[in-house]
Structure formats: C-alpha cells, structure tokens
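Chemist: sequence unknown, structure follows:
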C-alpha cells in the first residue's frame, strides 16, 4: 500500500471539492433544509404538526443529507470521469492498485457525507426554532452510527456511479434516490408504518431506514426507534455488501 | 540503464465493446450464437509477441482497428489480456502492476485530462501521485509548462484549452514523473504539420536521455522518420518486424507500380511478368495489377508495349518508391488508408 499516492489522490479530490463548495452545499442541503423549514417550522407553528415532530424530523433530515452528499460526492464524478473523456485515466495509471483508487473515492465521500451531516444539526436547529430536544448522552453510539451511515452513502455512491451511465442520472434520482428518501423512515419513524404491514417489512431493504432510525436512537432516544444493535448490524452488513459490489463494478469499469 | 519490453503470445478477445481508443473499423467480428442471445465477441489481438530493446524508439504501425491501441492498453495495465504475458523491464505487467506503472508514462490517443483541474495542477498532482516532493513537482511543472509553451495558461482550467494545447498537456503530463518508458498512442493525430515536427523533436530529445519510446501510428512517414524499429500489425497479428530499412528492403524489387487497364486477363498478366526487372505481378480487383519491380518510370514504355500486345489499354499508372506504404500493401494487399 502506497500512502503517498493515496494521500495525493485524496488531496486532489479535496481541492476539487473546495472549488465546488457552494454548489455542492446547495445541491445536497437545500432540499432537506427547505423540507425542515416547511414541516418543522411552518407546520408546527400553525399547529398542524405537534411540537414533538421537530425532534423526530432532525435525525431523518441528517440521514438524507448524508446520503445525498456521499452518493453525489462519489457517484457523480465517477459517472463523468468514466465517460468517453476518461478523465480518471491519469489516476488509474498512478502507482497504486486500482482498487485503492476506489477506496480513496469512498474515503472522500465519507468525509463529505460527515461534513454535510454535521452542518445539518445546527442548521436544522436554527430553522426549526425552539423545541428540538437533542440528547448527546451517547457519543460513542452516535459516532459509530454516523460513520456507518457515511460509509453506506459513499459505498452506495461507488456502486451506483459504476452502474449508471451519464444519460441515466435523472433516472437514478427518480427511480432510486427519491423512493429511498420517501420510504427511508426519514420523515416518520419506522413504527409509524405498523398500520401498513407489508410496507413495514418491505422498507427494511432500504438502507436509509437504518440510517434514520439509528441516528434517531443516538440523538433523540425519547422518540420510538429501532434497536441500535440491530441498526449497527444491518448497516455493517449493507456497507460490506455495497463495498463488494462497488469494488467489483469499479474494476470492470476501469480495466477493459 | 534503460528498460526493455517483451510480450509473449498476447491475445485479447473483447466480450463487451472495447473502449473508444481501441475501437476501429478493421476488427474481425466473430458473432457466435450461444442460446437465444447473441454473444458479443471481438478478437482484437491474436498471439502477438515482440521485443522492444531498452532505449529504442519502437513503432507499431497499422491501420485503424489493427490492434495497436489494445497492445498499448495491455502494456500500460489498462487492458487485461485474455491470455499471454507482457513485461516492462523485469516486471510482469499483470502481476506487478504497481511496479510496472512506476516505469511508464502514457500519452493516450485522445486527451483524457482531468477537467476539474488547472493546467498546473494537472502536472503537480500527477507528480504527487508518483511521490514527488512539493519542491520537485513545482520545479518540474514549471519546466514542462515552459517547454510546451503553456506557461501563460498555467492557471487556467484545461477544459477551456484548444485541441492542440490539450495534446501538449497530455505529453507534458506523461513526462512529469520522468518515466523510463514513454508510450504514445497516435501522438500526431490531429496535429498541424508544425506542431508535429515539434513533437518529433521532443520525442527524439527524450529518447536521447536513454528512455525507451513506444508509439503507434498509421502514418508511414512518421514511422519511417522516427522509429529505430517497427512492427507492422494488421488484424491483431504482427505481419512484419524490423528496422525501417530492413522492412523496405524486404519488398521484392522495392518499387510498386499500381496499374489499371480497360480489362486485365491472364494473358496480359503473363506478358507483364515477362518484363525484365519485374519481380512479382498481382491482379487487383477492378481490372488492375500491382507490379513489384526493381525500377519505376523506366518500366512504363515496356508496360505500354506489353499491354498493347495483349490487346488491352493502360488507363492509369501510379508509381511508389520503396516505402513502408508499399511494404504494408505487399503484406496485406490493402493500403493503410483503406
């Protein structure tokens, strides 16, 4: 393993990310934060939603933002760079095994996802006004869950980015990411689906469910949520599976 | 020291359409029916073996789709051979990829610059990937930008560059880490004549430092002017190998006269074969004949007489002096541009 090269690759992604900081933030955070404002502020202030909804909503919004940030950070550049311009070629020729380039992409995606998640906490708090009750009493649990969520978003980005062509980016959003967000238990707890027995079970294939429920368990334990151990086990399994698929697809894309 | 290159029975069969750079018109398609679904299979290379000596300029010459880019792809770790082995120096390219990658620089057929970076950053990050210190990569980048006349555009994003500037950038980038072996895939495609001469000078200059150069081209004059040794490749096979002079000497007679008649029959061809100085006569489709001879213009008179004696009429004559073009024609029966 060649750390100098790995670090240089990471530095290159860092340079590009800093250059695109503002559009990137708007792309990943604007939509979840607008949702936060409408449902967490407008609807609760007008009495159409209970005050308690605010605390329930915040971890979900954080999960969505992390997922979007990680997927975008990894998938979008890969889709472009593997197109006919083959912009990635120079890095594939760098003196490092090509799977490490994929790992570097995942690392960069995790950093961006974590960054997005950390911005959401104060931003959502400010947007919703008083009444958000966050509990930072379980830092280790929070750290583990947040890292697994970041890893899920970045490995998911790798798998998606190596499977989707440039012309299918729109489809990726409407067919994969939008349903994941809607059925990801981000805007409501998993418990709320109990009255829809089929859906209650079906959504369990959606990694975002564990991300939302896990962050809920870590940040707002007073709200109903899944058992944290179940969440950690499920996320770890999903991360490993996505990593395996992503690395395999990356290799197929990289070597002809 | 210098680094040599060796390949052993390289074979490559694509099961999905190959990347752009390797795509061409001349691939041999073998459509196979396996069950209801048609399987894509495309033989790009068929048992290619050659050896490139340390410090030489070696050319792979052939028409589009002959297998040149696939060969380069295998040697540069970008294309996995179906079978066979390739070595850069002592390293097996597909077993010791990282070590092989350290020794090589690659100029691709079409610019694949990192469009998210500026010209200068492309060079400095490239240097960083190869472990150069900050000071060293700044110095090298300055030198190369100067050499390739890009200093005034150093801080611009490369996506705004013209085609020629991008081409210069990819060459500068390939030289950034001072590789022992430089691969150039169709380096002068799309360059104006002036830039082409500049490129040749840069290649020769780099070669003088003891570096091995491997280039592909379908320009005969480029291969002739630049290469110490050549391999002519067609339909995934090496059909001839040697120095340009050796290869040219291998053509019977050396001169090629391409003739066209109103009608060409066996009687006429036999008449032509009898002419003194003619080594070989090959019929060509459409009432033509390729005549290999040891002289050129002096044969026109006898040819006209022989044609008349056979009751035909000569319509067109083209004389080619000994060149790689005639060599290619001799071996493949088609022109490089066919």
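Modeler: Arrived safely, thanks for sending. Treat the numbers as computed from the prediction; the structure is a model and nothing was measured.

Chemist: Please make it C-alpha for all contacts and neighbour counts, starting now.
Modeler: Will do.

Chemist: Buried residues, stretch B:234-253. List them.
Modeler: B:234-238, B:240-244, B:247-248, B:251-253 (16 or more other C-alpha atoms under 10 Å in any protein chain shown).

Chemist: Which ones among these map onto strands?
Modeler: Within the buried residues of stretch B:234-253, residues falling in strands by DSSP state E are B:234, B:237, B:238, B:240, B:241, B:242.

Chemist: quick one, what contacts the fifth one?
Modeler: So the one you mean is residue B:241. With C-alpha atoms under 8 Å, 6 or more residues apart in numbering or on different chains as the criterion, the residues that contact residue B:241 are B:229, B:230, B:231, B:232, B:247.

Chemist: What is the lowest-pLDDT residue among the residues you listed?
Modeler: Lowest pLDDT of those: residue B:247, 84.

Chemist: How about the contacts made by that one?
Modeler: Per C-alpha under 8 Å, 6+ apart, neighbours of residue B:247: B:240, B:241, B:324, B:327.

Chemist: please redo it, this time with the cut-off set to 10 Å
Modeler: B:229, B:230, B:231, B:232, B:240, B:241, B:322, B:323, B:324, B:327, B:328 (C-alpha atoms under 10 Å, 6 or more residues apart in numbering or on different chains).

Chemist: Could you save the ones in strands among the buried residues of stretch B:234-253 as JSON lines and add columns showing distance to residue A:109 and pLDDT?
Modeler: Below are those laid out as JSON lines (distance: C-alpha to C-alpha, whole Å; pLDDT from 0 to 100):
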{"residue": "B:234", "distance to residue A:109": "45", "pLDDT": "88"}
{"residue": "B:237", "distance to residue A:109": "44", "pLDDT": "90"}
{"residue": "B:238", "distance to residue A:109": "46", "pLDDT": "91"}
{"residue": "B:240", "distance to residue A:109": "50", "pLDDT": "88"}
{"residue": "B:241", "distance to residue A:109": "49", "pLDDT": "91"}
{"residue": "B:242", "distance to residue A:109": "51", "pLDDT": "91"}
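
Chemist: Which pair of the buried residues of stretch B:234-253 spans the longest distance?
Modeler: B:236 and B:253 (27.4 Å; C-alpha to C-alpha).

Chemist: re earlier: of the ones in strands among the buried residues of stretch B:234-253, closest to chain A?
Modeler: Lowest distance from chain A to those (C-alpha to the nearest C-alpha) belongs to residue B:237, with 19.6 Å.

Chemist: mind showing which ranges of the stretch 201-338 of chain B have poor pLDDT?
Modeler: B:335-338 (pLDDT under 70).

Chemist: Which strand or helix spans residue B:301?
Modeler: Applying DSSP states H and E as the criterion places residue B:301 in helix B:300-309.

Chemist: helices or strands up against that helix?
Modeler: strand B:255-261, helix B:266-274, strand B:314-320 (3 or more C-alpha pairs under 10 Å, 6 or more residues apart in numbering or on different chains; DSSP states H and E).

Chemist: swap the cut-off to 7 Å and go again
Modeler: The contact analysis (3 or more C-alpha pairs under 7 Å, 6 or more residues apart in numbering or on different chains; DSSP states H and E) places helix B:300-309 against helix B:266-274.

Chemist: residues contacting the residue nearest to the spatial centre of chain A?
Modeler: Central residue of chain A (C-alpha atoms, centre = their mean): residue A:67, 1.4 Å from the mean position. If a contact means C-alpha atoms under 7 Å, 6 or more residues apart in numbering or on different chains, then residue A:67 has A:113, A:153 as its contacts.

Chemist: Quickly find the element holding it.
Modeler: With DSSP H and E as the criterion, residue A:67 is inside helix A:53-81.

Chemist: And the helices in the chain?
Modeler: Unless you meant another one, I'm taking chain A. Secondary structure of chain A (DSSP state H): helices at A:3-19, A:21-35, A:43-45, A:53-81, A:89-92, A:98-128, A:139-161, A:169-171, A:178-182, A:197-202, A:207-219, A:228-254.

Chemist: actually chain B
Modeler: B:68-75, B:97-103, B:119-129, B:134-147, B:163-175, B:193-208, B:220-226, B:244-249, B:266-274, B:300-309, B:324-332.

Chemist: Adding distance to residue A:229 as columns, could you present these in JSON lines?
Modeler: Shown next, in JSON lines, are these (distance: least, C-alpha to C-alpha, whole Å):
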{"stretch": "helix B:68-75", "distance to residue A:229": "47"}
{"stretch": "helix B:97-103", "distance to residue A:229": "40"}
{"stretch": "helix B:119-129", "distance to residue A:229": "40"}
{"stretch": "helix B:134-147", "distance to residue A:229": "46"}
{"stretch": "helix B:163-175", "distance to residue A:229": "50"}
{"stretch": "helix B:193-208", "distance to residue A:229": "61"}
{"stretch": "helix B:220-226", "distance to residue A:229": "67"}
{"stretch": "helix B:244-249", "distance to residue A:229": "72"}
{"stretch": "helix B:266-274", "distance to residue A:229": "89"}
{"stretch": "helix B:300-309", "distance to residue A:229": "93"}
{"stretch": "helix B:324-332", "distance to residue A:229": "69"}
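
Chemist: Tell me which of those lies nearest to residue B:156.
Modeler: helix B:119-129 (6.2 Å).

Chemist: gap between the closest one and the chain center?
Modeler: Distance of helix B:119-129 from its chain centroid, counting by C-alpha atoms, centre = their mean, to the nearest Å, is 28 Å.

Chemist: Contacts for it, please.
Modeler: Residues outside helix B:119-129 that contact it (C-alpha under 7 Å, 6+ apart): A:5, A:8-9, A:12, A:94, B:114, B:137-138, B:141, B:154-158, B:173, B:176-177.

Chemist: right, and residue B:181 touches residue B:107 too?
Modeler: No: Residue B:181 lies out of contact with residue B:107 (C-alpha atoms under 7 Å); the separation is 11.2 Å.

Chemist: For those two, indicate the residue with more neighbours.
Modeler: More neighbours surround residue B:181 than the other of residue B:181 and residue B:107, with 32 against 24 (other C-alpha atoms under 10 Å in any protein chain shown).

Chemist: what is that one paired to in the beta sheet?
Modeler: Beta bridges link residue B:181 to residue B:104, residue B:212 when assigned by DSSP bridges.

Chemist: per-residue confidence at it?
Modeler: pLDDT, residue B:181: 96.

Chemist: show me what contacts it?
Modeler: By C-alpha under 7 Å, 6+ apart, the neighbours of residue B:181 are B:3, B:103, B:104, B:105, B:211, B:212, B:213.

Chemist: if I pick the fifth one, what's in contact with it?
Modeler: Contacts here follow C-alpha under 7 Å, 6+ apart; on that basis residue B:211 touches B:2, B:55, B:180, B:181.

Chemist: For chain A, see how far away it is.
Modeler: Counting by C-alpha to the nearest C-alpha, to the nearest Å, the separation of residue B:211 from chain A is 19 Å.

Chemist: List, one by one, the residues from the stretch 151-256 of chain A near chain B.
Modeler: A:255, A:256 (C-alpha under 7 Å from any C-alpha of the partner chain).

Chemist: Mind checking which of the contacts of residue B:241 are in strands?
Modeler: Reading strands off the contacts of residue B:241 with DSSP E, I get B:229, B:230, B:231, B:232.

Chemist: correct me, but the second one touches residue B:59?
Modeler: The one in question is residue B:230. Yes: look at residue B:230 against residue B:59 with C-alpha under 7 Å: they come within range, at 4.6 Å.

Chemist: So for those two, which sits in the more crowded spot?
Modeler: Comparing residue B:230 with residue B:59 by other C-alpha under 10 Å, the one with more neighbours is residue B:59, at 31 against 25.

Chemist: Which strand residues bridge the more buried one?
Modeler: residue B:215, residue B:230.

Chemist: ok, now which ones touch the residue nearest to residue A:25 when sequence neighbours are not counted?
Modeler: Excluding the flanking residues, the one nearest residue A:25 by C-alpha to C-alpha, 6 or more residues apart in numbering or on different chains is residue A:116, at 7.7 Å. Counting by C-alpha under 7 Å, 6+ apart, residue A:116 touches A:65, A:66, A:69.
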